[in-house]
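*Asks:* Let me see the structure of the following:
(one chain, ligands or ions: 1)
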Amino acid sequence: MKQIKSCLSAVVVTACLGTVVLAHGGVKNAAVMARMDAMKSIGDAVKIMGTMNKGTVAFDVETARTAAKTVALHAAQTPLLFQAPETDPKSEALPAIWDRFDDFSAKAQSMEKAANDLSQSLSTPEDLSNGMIQLGATCKACHKEYRK
Ligand code: HEC
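*Replies:* The predicted model follows:
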C-alpha cells in the first residue's frame, strides 16, 4: 500500500510505473506474474482516478467511470487468480490467503462492489472523492492481512 499512497500523493506516475516494473522483475512463476499484473492494472486505474481527484488532470466523468469499471473487472478475477497457492521469491502474498480463502475472496468482492458502485453512480468530483475513500478502504483491508 505504501507504493500506491506515494503514487497518489506525489503524482509521479512514470516513476511509479518504473517501480512496479522493478517489482515484477525476475518473477518466474507465471501464475504469480498473472495475479501481480491484475493488481498492477488495478493500481494503474486507481492512479488515474487519484490524479483526477487531486486536480492534477481535469475531472472527466467517463474516464473516471471507466477506471472504476477496470478495477471492478480485475476484482472479479481476483479470487480465481489467487486460488492456487502459487509462490515466487518475489511474491508479496502471505500464506494466510490460503488458510482463509473465503475471507480473502469476500475482500475481493468488497473491492468489486465498491468499484462497480462507483462506475455506475459517479457523476461529480465529490462522488469520485467519496468513492475513492470507500474503494481505498477495501484495498487496505486486504493488503493489511494478506500482503507482506
Ligand atoms: C482480496 C485482496 C486484495 C484486494 C482487495 C486488493 N489487493 Fe492488491 N494485492 C493483494 C495481494 C495478495 C498482493 C500481492 C500479490 C503477490 O505479490 O503475489 C497485492 C499486490 C498489489 C500491488 C503490487 C502488484 C505488483 O506489481 O507486484 C498493487 C499495485 C496493488 N495490490 C494494488 C491494489 C489496489 C489499488 C487495490 C484496491 C483498489 C487492491 N490492490 C486491492 C491483495 C489484494
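
*Asks:* which stretches of this protein form strands?
*Replies:* Taking DSSP state E as the criterion, the chain contains no strands.

*Asks:* Around the ligand, which positions in this protein sit nearby?
*Replies:* 4, 20, 23-24, 32, 35-36, 39-40, 42-43, 46, 71, 78, 91-93, 104, 107-108, 111, 135, 138-139, 142-143, 146-147 (Cβ under 6 Å from any ligand atom). (Glycine included, C-beta is placed from N, CA and C.)

*Asks:* out of those residues, which are buried?
*Replies:* Buried by 16 or more other Cβ atoms under 10 Å: 4, 20, 32, 35-36, 39-40, 42-43, 46, 71, 78, 91, 93, 104, 107-108, 111, 135, 138-139, 142-143, 146, out of those.

*Asks:* Could you list which of the residues you listed belong to helices?
*Replies:* Of the positions in these, 4, 20, 32, 35-36, 39-40, 42-43, 46, 71, 78, 104, 107-108, 111, 135, 138-139, 142-143, 146 sit in helices, assigned by DSSP state H.

*Asks:* For the residue nearest to W98 when sequence neighbours are not counted, the count of nearby residues, please.
*Replies:* Spatially, and ignoring its direct neighbours in sequence, W98 is nearest to P85 (4.4 Å; Cβ to Cβ, 6 or more residues apart in numbering). Residues lying near P85 (other Cβ atoms under 10 Å) number 12.

*Asks:* residue closest to the middle of this protein?
*Replies:* I42 (3.6 Å; Cα atoms, centre = their mean).

*Asks:* Give me the pLDDT value at it.
*Replies:* As predicted, I42 sits at a pLDDT of 98.

*Asks:* State whether it and V71 are indeed in contact, as I suppose.
*Replies:* Yes. Contact criterion Cβ atoms under 8 Å: I42 and V71 qualify, at 5.2 Å.

*Asks:* Check the gap between the residue nearest to S41 when sequence neighbours are not counted and A67 for me.
*Replies:* Nearest non-adjacent residue to S41, counting by Cβ to Cβ, 6+ apart: H74, 5.3 Å away. As judged by Cβ to Cβ, to the nearest Å, H74 and A67 stand 11 Å apart.

*Asks:* Perfect, I'm done here.
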